[in-house]
Structures are given as C-alpha cells and as structure tokens.
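Visitor: The following block contains a protein sequence and its predicted model.
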Amino acid sequence: MTSLKHVGLVVAALLAATSTGCKTKPKNITPIPGGNANVAGAGSLLNRDNSGTLNGGGDVVTIDESGNIGLSDLEEFENMLMDRDALAAQTVYFELDRSEIHPDDLGKVEAVAGILSQDAQNKVLIEGHCDERGTEEYNRALGERRALSVRDALSGLGVSADRIRTMSFGEDRPADPELNDAAYSRNRRGEFVLLKPKPGS
C-alpha cells in the first residue's frame, strides 16, 4: 500500500513538473525570411554586452542546428556590431493590421537610405513588430510583412538588397507594455538597426 502511494506521488510530481515546464518555454520561435534558422522571442537570447553585440558571439538572434547564435545563410552579416541608437529616430509605425508604410514615415526611410549611402560597409537589420492583439502566428506573419515592406522601400531608394536583413519579432518585444490604444500604436512598428563592421575586420 505504501509503495503504491509512493508511486502515485512520483507520477503526480512528474506531471506537475511537465506542466510547469510547458509554461516556461520560449513564447515563440519565428522563421526568418530567406533563412533556415530560427529567431527566438525569448528575452534570455536577447541580452547584449556593452559593445552592442549579443552575448554568445552573434549579432542577430538566430540559432543554427548546433545552437550557435549568428546569421543564417549570410556570412557577410556575421560578426557585425549592432548600433540601435543610430537609427532609432527613424522607426516607422503602422496602422492596425496593415503593413504599408504611412506616407508620413517615408521621410524616415529616405533618411536611413541616406545614412547607408555614406558608408558602403554598413548594413541594416529591419525588425518588424506588432501589438499583442491577434494570435502569435498571425503577428509573426504580420511583423514579417512589415519588415519586408520597409525593405522594399529601402531597395526602391537604391539600397542594395545584399545590405538589408529582415526579422519578425511579432508581438514579443513591445516598445510599450501597457494595454491601451496609445501603447498598441507604439508597438506596431518597424525598427532599423545599423550594422557596422567590427574594427579590424
């Protein structure tokens, strides 16, 4: 009788541990357009050191089959320094459920194109973001469409496609965590991250 009770407790403990483990998994894994790697929305993978590079040696949050952080299929983007501040003022914002760039924000895209034209070694990462309404899958797809829309606008301004990388974070990295219309507006965005060669490379 005691052993049966003991087995029952062990099974209950295992079930509890399994269900708890599910709650701590990363919120989503997002396919990156044009690549075979994944981008994780988990905050633990987004920590950067003071130099602007990601802890672990990569600069963009992708994970290959070996668990290494780096860029998928585009070696020329690897080991570049990320400068988020340089283009922060050029963040573009989107209407609800839309991926077209608002005419008021086209000047920001033009400014980014101008900055990139000043140094041919620099590249840019475009991140697509959404507010939290809608399913995770829908928001990942919408974030991708937003990033690609910005990419196309940059290409139309003469920026070579091989200098642009896109990524969708969906709803996972809100600029404003509040749950109101003002916060949702700030979260529906496309962010530019300037990528610079490391010194000596």
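Guide: Thanks, I have it.
Visitor: Next up, identify which helix or strand Glu100 is on.
Guide: For Glu100, there is no helix or strand it lies in under DSSP states H and E.
Visitor: least trustworthy helix or strand in the chain by mean pLDDT?
Guide: Every helix and strand of the chain was ranked by mean pLDDT, DSSP states H and E. The lowest is strand 38-40, at a mean of 33.
Visitor: Next secondary structure after that one?
Guide: strand 80-83.
Visitor: other SSEs contacting that next one?
Guide: Helices and strands touching strand 80-83, by 3 or more Cβ pairs under 8 Å, 6 or more residues apart in numbering; DSSP states H and E, are strand 189-197. C-beta coordinates here come from the backbone N, C-alpha and C atoms, glycine included.
Visitor: Using PDB, list the CA coordinates for stretch 122-131.
Guide: The C-alpha coordinates for stretch 122-131 follow below in PDB (Å, rounded to 0.1, in the frame of the first residue of the first chain):
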ATOM      1  CA  ASN A 122      27.400  49.400 -43.200                       C
ATOM      2  CA  LYS A 123      24.300  47.200 -43.500                       C
ATOM      3  CA  VAL A 124      20.900  47.400 -41.800                       C
ATOM      4  CA  LEU A 125      18.600  45.000 -40.000                       C
ATOM      5  CA  ILE A 126      14.900  45.700 -40.200                       C
ATOM      6  CA  GLU A 127      12.800  44.400 -37.400                       C
ATOM      7  CA  GLY A 128       9.000  44.000 -37.800                       C
ATOM      8  CA  HIS A 129       6.900  44.300 -34.600                       C
ATOM      9  CA  CYS A 130       3.200  44.100 -33.800                       C
ATOM     10  CA  ASP A 131       0.900  44.900 -30.900                       C
END
